[in-house]
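>>> turn this into a model:
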Amino acid sequence: MENISSTQNQKVKNWTKLATKKQRTREGSYLLDGWHLVQEALNYDAPIKAIMVTQEQFDLHNQDFKDIDEIYIVTFEVMQHITDTVTPQGIAAEVGIPVAYTEVPNELSGTWLLMDEVQDPGNIGTMIRTADAAGFTGVVAGNKTADIFSPKVVRAMQGSQFHIDVKQGSTLDWIDMLHAEGIPVYGTELNKDAVDYREIEKSDSFALIMGNEGNGVQPAVLERTSKNLYIPIAGKAESLNVAVSAGILMFELKK
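Take a look at the predicted model:
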């Protein structure tokens, strides 16, 4: 255990840089902020590299840290610097990005959510959290989707990344691999030729693709799906938020 009181400490500088994708890629890790997320990481045996905690929070939770090798007692000022939060909870952790993050499972099965060029961190985090709630097997961050391990997405996921598989890869490659396993892949689009989702039989084996907030799923992706679905809108709204749409479809399509 080590005490750190200066924001100029090299470890503090490195933790602060985890707010950038470049540093996350370089270190193979990302930052958790707050007791709830740190507790989820501990409960699900996530690869925790370091715990940063104020003395007050350490006194409250020290029994939970007995298996952690690197614990740093930091000042409130240092914690503010690390988390970029005005009123931090006083506990953070550096956690390793799963080694298999970019790998396809050896046995591809179950229900998967594929995100194609989704950009808003809140939408991404909400969809992953909803996939977790709906009992999905995993989520794939496809082409040009914002980084799952950015601070805003991590806050929105609320620990769901520890409960289901989170992957990164080419949307088209994943479609091909899902088809090869006989798993139907459903795209989503606002198109008169698309299929009303209520016509699809519930299943425990399929993939659902949600697209960019403004442009939807890429045409090249829609051409490779098993079917493309839409949600009928009874009111006068032009469209639904992508995370709301994903939530409706995940719960309605899964057996």
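>>> so for residue 25, what's the pLDDT?
With respect to pLDDT, residue 25 scores 95.
>>> one more: residue 135?
pLDDT at residue 135 comes out at 98.
>>> so it lies in a helix, does it not?
No: judged by DSSP: H, G, I helix; E, B strand; the rest coil, residue 135 forms no part of a helix; its state is coil.
>>> what's the neighbour count on the residue nearest to it when sequence neighbours are not counted?
Excluding its sequence neighbours, the residue lying closest to residue 135 (C-beta to C-beta, 6 or more residues apart in numbering) is residue 254, at 6.4 Å. Where C-beta positions appear, they are placed from N, C-alpha and C, glycine not excepted. Summarising burial for residue 254: neighbours were counted as other C-beta atoms under 10 Å, giving 18.
>>> same question for residue 84.
The tally of other residues near residue 84 (other C-beta under 10 Å) stands at 12.
>>> my read is that residue 75 contacts residue 5, right?
Yes: the pair residue 75 / residue 5 is scored as a contact, 4.9 Å apart, by C-beta atoms under 8 Å.
>>> more crowded one of these two?
Neighbour comparison, residue 75 and residue 5: the larger count goes to residue 75, with 15 against 11 (by other C-beta under 10 Å).
>>> so who does that one touch?
Applying C-beta atoms under 8 Å, 6 or more residues apart in numbering to residue 75 gives the contacts 4, 5, 54.
>>> how near is it to residue 8?
The gap separating residue 75 from residue 8 is 12 Å, by C-beta to C-beta, to the nearest Å.
>>> circling back: as a markdown table, the contacts of residue 75 with secondary structure and distance to residue 105 would be great.
As requested, the contacts of residue 75 are exported to a markdown table (DSSP: H, G, I helix; E, B strand; the rest coil; distance: C-beta to C-beta, whole Å):
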| residue | secondary structure | distance to residue 105 |
| --- | --- | --- |
| 4 | strand | 39 |
| 5 | coil | 45 |
| 54 | coil | 39 |
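>>> pick the one among those residues closest to residue 185.
Closest to residue 185 out of the contacts of residue 75 is residue 54 (47.3 Å), distances taken as C-beta to C-beta.
>>> I'd assumed residue 73 was in contact with the closest one.
Yes: look at residue 54 against residue 73 with C-beta under 8 Å: they come within range, at 7.2 Å.
>>> residues contacting residue 240?
Taking C-beta under 8 Å, 6+ apart as the test, what residue 240 contacts is 231, 233, 248.
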